[in-house]
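any chance you can model this:
(8 chains)
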Protein chains: 8
Amino acid sequence: MDRDELKGFLEKIRNGQMSIDEGISLLKGLQYLDVGCAKIDTHREARVGYPEVIFCPGKTTEQLAAIVQAMLERQSNILATRASQEMYDTVRKICPEASYHPLARTITIKKKDTASADTYIAIVTAGTSDLPVAEEAAVTAEFYGNRVERIVDVGVAGIHRLFHNLDGIRGAKVVIAVAGMEGALPSIIGGLVDKPVIAVPTSVGYGASFNGLAALLTMLNSCASGVCVVNIDNGFGAGYLASMINRLK
Amino acid sequence: MDRDELKGFLEKIRNGQMSIDEGISLLKGLQYLDVGCAKIDTHREARVGYPEVIFCPGKTTEQLAAIVQAMLERQSNILATRASQEMYDTVRKICPEASYHPLARTITIKKKDTASADTYIAIVTAGTSDLPVAEEAAVTAEFYGNRVERIVDVGVAGIHRLFHNLDGIRGAKVVIAVAGMEGALPSIIGGLVDKPVIAVPTSVGYGASFNGLAALLTMLNSCASGVCVVNIDNGFGAGYLASMINRLK
Amino acid sequence: MDRDELKGFLEKIRNGQMSIDEGISLLKGLQYLDVGCAKIDTHREARVGYPEVIFCPGKTTEQLAAIVQAMLERQSNILATRASQEMYDTVRKICPEASYHPLARTITIKKKDTASADTYIAIVTAGTSDLPVAEEAAVTAEFYGNRVERIVDVGVAGIHRLFHNLDGIRGAKVVIAVAGMEGALPSIIGGLVDKPVIAVPTSVGYGASFNGLAALLTMLNSCASGVCVVNIDNGFGAGYLASMINRLK
Amino acid sequence: MDRDELKGFLEKIRNGQMSIDEGISLLKGLQYLDVGCAKIDTHREARVGYPEVIFCPGKTTEQLAAIVQAMLERQSNILATRASQEMYDTVRKICPEASYHPLARTITIKKKDTASADTYIAIVTAGTSDLPVAEEAAVTAEFYGNRVERIVDVGVAGIHRLFHNLDGIRGAKVVIAVAGMEGALPSIIGGLVDKPVIAVPTSVGYGASFNGLAALLTMLNSCASGVCVVNIDNGFGAGYLASMINRLK
Amino acid sequence: MDRDELKGFLEKIRNGQMSIDEGISLLKGLQYLDVGCAKIDTHREARVGYPEVIFCPGKTTEQLAAIVQAMLERQSNILATRASQEMYDTVRKICPEASYHPLARTITIKKKDTASADTYIAIVTAGTSDLPVAEEAAVTAEFYGNRVERIVDVGVAGIHRLFHNLDGIRGAKVVIAVAGMEGALPSIIGGLVDKPVIAVPTSVGYGASFNGLAALLTMLNSCASGVCVVNIDNGFGAGYLASMINRLK
Amino acid sequence: MDRDELKGFLEKIRNGQMSIDEGISLLKGLQYLDVGCAKIDTHREARVGYPEVIFCPGKTTEQLAAIVQAMLERQSNILATRASQEMYDTVRKICPEASYHPLARTITIKKKDTASADTYIAIVTAGTSDLPVAEEAAVTAEFYGNRVERIVDVGVAGIHRLFHNLDGIRGAKVVIAVAGMEGALPSIIGGLVDKPVIAVPTSVGYGASFNGLAALLTMLNSCASGVCVVNIDNGFGAGYLASMINRLK
Amino acid sequence: MDRDELKGFLEKIRNGQMSIDEGISLLKGLQYLDVGCAKIDTHREARVGYPEVIFCPGKTTEQLAAIVQAMLERQSNILATRASQEMYDTVRKICPEASYHPLARTITIKKKDTASADTYIAIVTAGTSDLPVAEEAAVTAEFYGNRVERIVDVGVAGIHRLFHNLDGIRGAKVVIAVAGMEGALPSIIGGLVDKPVIAVPTSVGYGASFNGLAALLTMLNSCASGVCVVNIDNGFGAGYLASMINRLK
Amino acid sequence: MDRDELKGFLEKIRNGQMSIDEGISLLKGLQYLDVGCAKIDTHREARVGYPEVIFCPGKTTEQLAAIVQAMLERQSNILATRASQEMYDTVRKICPEASYHPLARTITIKKKDTASADTYIAIVTAGTSDLPVAEEAAVTAEFYGNRVERIVDVGVAGIHRLFHNLDGIRGAKVVIAVAGMEGALPSIIGGLVDKPVIAVPTSVGYGASFNGLAALLTMLNSCASGVCVVNIDNGFGAGYLASMINRLK
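Model (predicted):
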């Protein structure tokens, strides 16, 4: 609340337009839904523009069901990431219209429409093995009402494949570049386009890739500018941020 | 033995109040119980205020059974951590009153009562997935006669959930803050309360969380003061230390 | 060149509108300026929207002077980062109008104006010691024609300082959050605002901060969404990316 | 503010006992002092029981002077850590009564008395080279009104030295154990006393000590219970936490 | 295309020897085959001398089948690395003449002959457990038309075994040295022969071998010259590079 | 061969006492047995005093069988480490008298007696969970003809257990100290006895033990002297070295 | 010595063509020059084709002088790497014709000519700051009689600079690619040329470059084939290996 | 005290042969000398066979002087490691007969003779740059009355230098092998001799040697048996342990 809102609020109290109990409730204000094992952040959409997302690992199916049930009662759209098939089976019992994206390991439920953006997000992968992470990003971005252009398998070992797809990349408002192994793709793209590049290192590789550490360091040290990085295999985070940027006015 | 006790002991020897054999035994003094595969530290309770605790990983069920059996014969209260269901089944055959806490993976046997403390311990978790570690802390603290207040899922992504629960945290004598991923919760709490905060990093997360290393480093570098750290996923250690502090006079 | 441009180009060759030598030159096309020790990417502005930037470490003053000289001859705006006072003295001899920002260790030369953006970038620091990195970001963003709002020393040890400055942060189109030690600030901000947050870990700290590694991992593992990360102490990279996002239509 | 305070506050507004401007000011409430390069957390003492502390590295002497000046105007006690002799010379010009502790690299200014605790804190070091860190802890604890017992150079290479000093350690309400190299001292003490042990790894050592990492890991993995850990060389943090525990009722 | 080729090409356009559509196609030129989940780099052989290789991990059997099918249609020789038995079963259905090398986990299909080199490659292993990596290198080198001499189990614990096989090593044009654990073998060989040595660290070992990191560091720090290193367990990369060197004129 | 032996050898050649073919054979001299997948170092016993040992991981049962068969034909004593039950079943078919030590995961075959040493080796463990590594050391030492004294579960959490067993430790000629978690035991013993201490870190622990890294670093940084370290979990290496020292004249 | 040489040698002994003392000396045979602080490997040239090289760090100027003096007496060509100006001043006193290459920190002395190779080595750098390492490689390669083509500052931030220089790279027999920061250059080149690529990571960069670790990992994980890696900043090693490959017949 | 000693002691008390005050003193027994900043372990010689050694880093010259003074008063032999020239100048004022070994950075004072051992210790270095660490080991071993054979610069790049010096190595009772860079020397020696090998990694090297980490890991993973490891650059520790082994009966 800024100064004027504060003033208005206090005047309402003074005038009796608002009861003291209402005032207490409003001051306590920012809210959430307590389901025992979790406190669902029902205020998040108002605050940051997006409803809370369910990160599934480490949760029992009972806990997942309780959270989904509570959110459904509030008519929320639901996005659950890193969900197993078994978790989906549980959710589908509660909500038959739930969709599962096996490659992206993601459950989505749409209770209300999301406004579409005019511009689009390009999601580029270095290799075929990076697809699960890229799909998590794509499903996330689409869930939030964005159009996505997928450009697959254009890694630096055959860089002409990238050049042949530059138009699709340059046309986007923001680019997600997904790569494992040496993770050079985002640097190359950052040197070629005038749009923000969100780099996603993947754990694809072996030996000294150290489960994605090599790609992560490569991306953090990009000598091209305009590149930022999210966690290893964090397709969701990239899709979420890209949506935020794509929808900026 | 301090100076007076030493003097008293030696005078008893001189006077013949204590035989030389008794003296040898007493001098050898600090004691333990040898069960072959282990030397149970039966003196620990006298020394540090708490009986020995059984850390289960790497022990065979036979070894576990031998240790439990020997402790039961001394009427010890028993706490066994990181115990599998199969280990519990073994223990229950020896001692049907043993309890198992599946979320906390903990076996407890109470042979004698523990005095209760007046004050309580707040155990706060950043997310639902941190619950197993928090429960290990809670079961441990309760085993040692402490009252525990659980405050679940108040991580920094929706920090108003924390603010709404500050009273419960501020009322405690000591706080355990459990968090994975970026592990920022203990810093926030440390900046808000005037009580010691025991930070427990968990291995919840993926990629650059490096199995809890990220949360551990965050907590060690807390810019808020009054925060100390235990090992990753070490709910037991946090519960034990919190009990020690909660029971300080 | 897209299909139509290619067609046009080839038709010009066939018609003789373009000589073969011109064609060779055009095909060789994308260009740069070779000054011996460096190949200045004069094409970058056309390609990614920003001219090449000079990263000073590891360059001799002679090399720096040669590069600046060559860029001045092309009337480029010049940004040189991580420049010492001695480097600035060298540059000033070539170009007396060059400015030096000692806290940001940055040299700027403006030969032509940059269009201003309507929206602004908020640059937030956790502590006073993070200022040099934040200033590098601010000087960079301002060099590219952005308005910057600086919000200093609002780290999580006294989080109310952040809440009192939320309006300034929420009003920005994009936020840069700079923090060392445990690096929790970007996560907190990410949970409070609906704008992209560019997290910059700094090497402020000691011991297990491992020269910024702790803050870097914290930021990569942020449980709030909408946060991306650049290299440790990379104020320039954050300012550049923020400019790119702030100027998106 | 709890429910009753909120109610009282709102009733005062309604009754006109408090003006709306006063209400705004109170609601904005949690406060700090803005000195440009820093926002001094003047509310911290009310919130966590201790005034803000100045961490000197990365600050210019001008910035330090500005912060000290502002705090002096509020008659705060001042503790500045990791301060160089040159920083002290600057502070002494502003405040001639300031003290400098060269071994601990700490500046203290006492404007008002601190109530003394009845119990004391034992600070134990493994070696002579650990003294600077231990002294930082001791100066901090004494600054906050605690009595400190120093027990120096009782590391595990000659463990009888520790046993001869056990009484002094066991008499304390809380123990700080400072050790570099292999860092085993806190584990040993943790196995011998019934008081919380705050372990401080130091960067004393060479080679595979990796600047204190070895001692840090040792302490985190302590097989004795009742041990918690702070950052490498973080004498201040240990002294602060020990004070907090020592003053618990 | 060098200057002369460019000139020739443009003259053909001017003369009408080449249609504009052909010109566009040629300029777009560098090519690949898009199979949806992958863009097969069909130009690679022309560019780097070897056709694209299939890295199997992270690919579904459907994806693998699609890629193999497309390459077979172009009559390519096929090498697929890190292939499971199940993957081979899939490939064999498409192409019954495919061979599987279980130790090397490699599938090969030969559609056209490869010219043989006169010289040979020596592949030397430190131990029997390094054989799978060595075989991957050997199968790769043979696939590309090289003769391979295998020298097994001559690690430094019994270094006379190496000396007794020096003639076979010295006769080669290039040497691949495969070792896990402490990885000293390539250094020794590098000090004894006048041929390039390609060092391959393996993940054979335990504890502080850290899955091959120890061997990798050993090899990078070789005090003998003429040694270069590929990724941990990267038999394919070593075989490929050795083939390249062996076939140099 | 020293100078005299060389002289004698050459004189035999000159005198014709030795044929030139014999000379060649002798000069080629140091020998091994080639079984295809391995070169068994049959000369090792002459050279370093002990026959070759079989490290089982990464070997197929066929390879293991071939090696054992070949060694049996030479009437060697055989020690195979890290052997699975299945590997033992294979060996037992070839050699029914083979013994398996399941805790130590070790196969032994004794074809000829080993002279016994008069002195003994003390093997001390910090906890029960360290037993598998300690047993590997014990079986190894006994295989080489040493007497072993086992002292189990005397870690620093209850250090009086160690003091009660000091006589058994001090009576040994060399001590093996096995510990996981924080790994402090060898330092303590090194400060108490005047015999070489071989420290064996184990992977017992969790979280920041990083699979034994914490214990390894602790031991390398021991502030007590007379301590050396072998690889994590390397019971065999410790037993071998201890045997070597115990048998020194 | 192969079989025939051995036979010839022994026959000479039998015939008395060689005295027994000569035989002893020859059998002792492989030789070196002992100068007290060092054993100069005078046999290396015969064995691996190149004379010993002097690695200067950690050597006193006296030791360096002694080694140079001894090599000069044998008329060796001399290459000393990582030499300071002060070291060069010492060497110049002994040998006025010695040359110093300040950028490469290298001393060279040519006593005899080296045959030139027909083919050449391309040395490519990503940035201007990588020049010292590249020059060390170039001086080394030239010292061994190779022609070197330098291609500077063609890193991936402006990748068209690389494409414009591809002819020079493709014409070489072997390529050295030198890059710091994210180290992507060798992967790009590896995907474009059919020659071996020796990748040299440099310590150019900051923050998460971790002194070259990021570039090292990038290069080890190169998804292009035909790339091998040497130690960080190891220009000498790359130049030496490139010479070896360039001179292969 | 063993059982008989305990019995004797207690009988003396009973008989009045020993006063109670004497008994208290004896029971308090294990002793040290307190000099304020340090507790000199005067009992160490009785307990582990060697007097306490002074580790200089982190100590002020005043502290060093106080410790030396106190030890001189007890007529102790003194060994101070990692001492600077300035520290030596301080010590020489107190004790003019003190010797300084600049290469080994060691101060020694001999007040009483040490019995000489008949056997000797071989100290072998890989390179000239490893000499400071080797000399620290040598000075330490000689200080404790051992004969030392130095064998310098026989690293694996020219392994024949090692073979020519094998007799000197094999004649020793225990071997210290000192190596930086890739650290392979101890493995080679371990495969060639039948004596314990103490491996000392040094920080000689650059880049991926990571200040000795590479050599340390190499040595810990030695595939030769009979090798143990001490800390990086820990010449003192190696010399101490070698002395202990060399003097074993």
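
strands along chain A, start to end?
Under the criterion DSSP state E, chain A carries strands at the ranges A:33-34, A:39-40, A:54-55, A:78-81, A:99-101, A:106-109, A:120-125, A:147-151, A:174-179, A:197-201, A:227-229.

ok, the nearest residue to A:Val48 once chain neighbours are set aside - how many residues close by?
Ranked by C-beta to C-beta, 6 or more residues apart in numbering or on different chains and with sequence neighbours excluded, the top spatial neighbour of A:Val48 is C:Asp194, at 4.5 Å. C-beta coordinates here come from the backbone N, C-alpha and C atoms, glycine included. Counted with other C-beta atoms under 10 Å in any protein chain shown, residues neighbouring C:Asp194 total 17.

please pull out the lowest mean pLDDT helix or strand from chain A.
Of the helices and strands making up chain A, the lowest-confidence element is helix A:20-28, at a mean of 62, by mean pLDDT, DSSP states H and E.

what about the helices in chain A?
The residue ranges that make up the helices of chain A, judged by DSSP state H, are A:3-15, A:20-28, A:44-48, A:61-73, A:85-94, A:131-143, A:160-163, A:166-170, A:185-190, A:213-220, A:235-246.

for chain F, give me its nearest residue in chain A.
Here chain A gets closest to chain F at one residue, A:Phe210, 13.4 Å apart by C-beta to the nearest C-beta.

chain G contacts on chain A?
Neighbours of chain G within chain A, by C-beta under 8 Å from any C-beta of the partner chain: A:126-127, A:155-159, A:181-184, A:187-188, A:190-192, A:205, A:207-210, A:213-215, A:217-225.

just those residues that are near chain B?
Within the residues of chain A next to chain G, those near chain B by C-beta under 8 Å from any C-beta are A:Leu213.

now the residues of chain A next to chain G: which count as buried?
The neighbour-count criterion (16 or more other C-beta atoms under 10 Å in any protein chain shown) marks A:126-127, A:155-159, A:181-184, A:187-188, A:190-192, A:205, A:207-210, A:213-215, A:217-225 among the residues of chain A next to chain G as buried.

quick revisit: adding distance to B:Ile232, write the helices of chain A out as JSON lines.
Supplementary listing: those in JSON lines, determined by distance: least, C-beta to C-beta, whole Å:
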{"stretch": "helix A:3-15", "distance to B:Ile232": "43"}
{"stretch": "helix A:20-28", "distance to B:Ile232": "35"}
{"stretch": "helix A:44-48", "distance to B:Ile232": "28"}
{"stretch": "helix A:61-73", "distance to B:Ile232": "22"}
{"stretch": "helix A:85-94", "distance to B:Ile232": "25"}
{"stretch": "helix A:131-143", "distance to B:Ile232": "25"}
{"stretch": "helix A:160-163", "distance to B:Ile232": "40"}
{"stretch": "helix A:166-170", "distance to B:Ile232": "40"}
{"stretch": "helix A:185-190", "distance to B:Ile232": "31"}
{"stretch": "helix A:213-220", "distance to B:Ile232": "18"}
{"stretch": "helix A:235-246", "distance to B:Ile232": "23"}
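
F:Ala66 is nearest to which of those helices?
Nearest to F:Ala66 among the helices of chain A is helix A:213-220 (38.2 Å), distances taken as C-beta to C-beta.

that closest one vs helix G:213-220, what angle?
Using axes from the mean of the first three to the mean of the last three C-alpha atoms, to 10 degrees, one finds that helix A:213-220 and helix G:213-220 are set 120 degrees apart in direction.

relative orientation of helix A:213-220 and strand A:174-179 in degrees?
Here the directions of helix A:213-220 and strand A:174-179 differ by 150 degrees (the same axes, to 10 degrees).

which residues of chain A score low on pLDDT?
Scanning chain A for pLDDT under 70 picks out A:1-7, A:21-31, A:46.

make it 50
Scanning chain A for pLDDT under 50 picks out A:1-2, A:28-30.

wouldn't A:Arg106 be in contact with A:Val139 here?
Actually, residue A:106 is Thr rather than Arg. Yes - applying C-beta atoms under 8 Å as the test, A:Thr106 and A:Val139 come out as touching, 4.8 Å apart.

ok, A:Ser129 - contacts?
A:Ser129 makes contact with A:180, A:202, A:204, E:55, E:57-59 under the criterion C-beta atoms under 8 Å, 6 or more residues apart in numbering or on different chains.

recalculate using a threshold of 7 Å.
By C-beta atoms under 7 Å, 6 or more residues apart in numbering or on different chains, the residues touching A:Ser129 are A:180, A:204, E:57-59.

and what of A:Val152?
For A:Val152, the contacting residues are A:125, A:128, A:131, E:37-39, by C-beta under 7 Å, 6+ apart.

can I get the residues you listed in JSON lines with distance to A:Asn146 and neighbour count?
Formatted as JSON lines, the contacts of A:Val152 follow (distance: C-beta to C-beta, whole Å; neighbours: other C-beta atoms under 10 Å in any protein chain shown):
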{"residue": "A:Thr125", "distance to A:Asn146": "17", "neighbour count": "30"}
{"residue": "A:Thr128", "distance to A:Asn146": "23", "neighbour count": "24"}
{"residue": "A:Leu131", "distance to A:Asn146": "19", "neighbour count": "26"}
{"residue": "E:Cys37", "distance to A:Asn146": "22", "neighbour count": "19"}
{"residue": "E:Ala38", "distance to A:Asn146": "25", "neighbour count": "25"}
{"residue": "E:Lys39", "distance to A:Asn146": "24", "neighbour count": "25"}
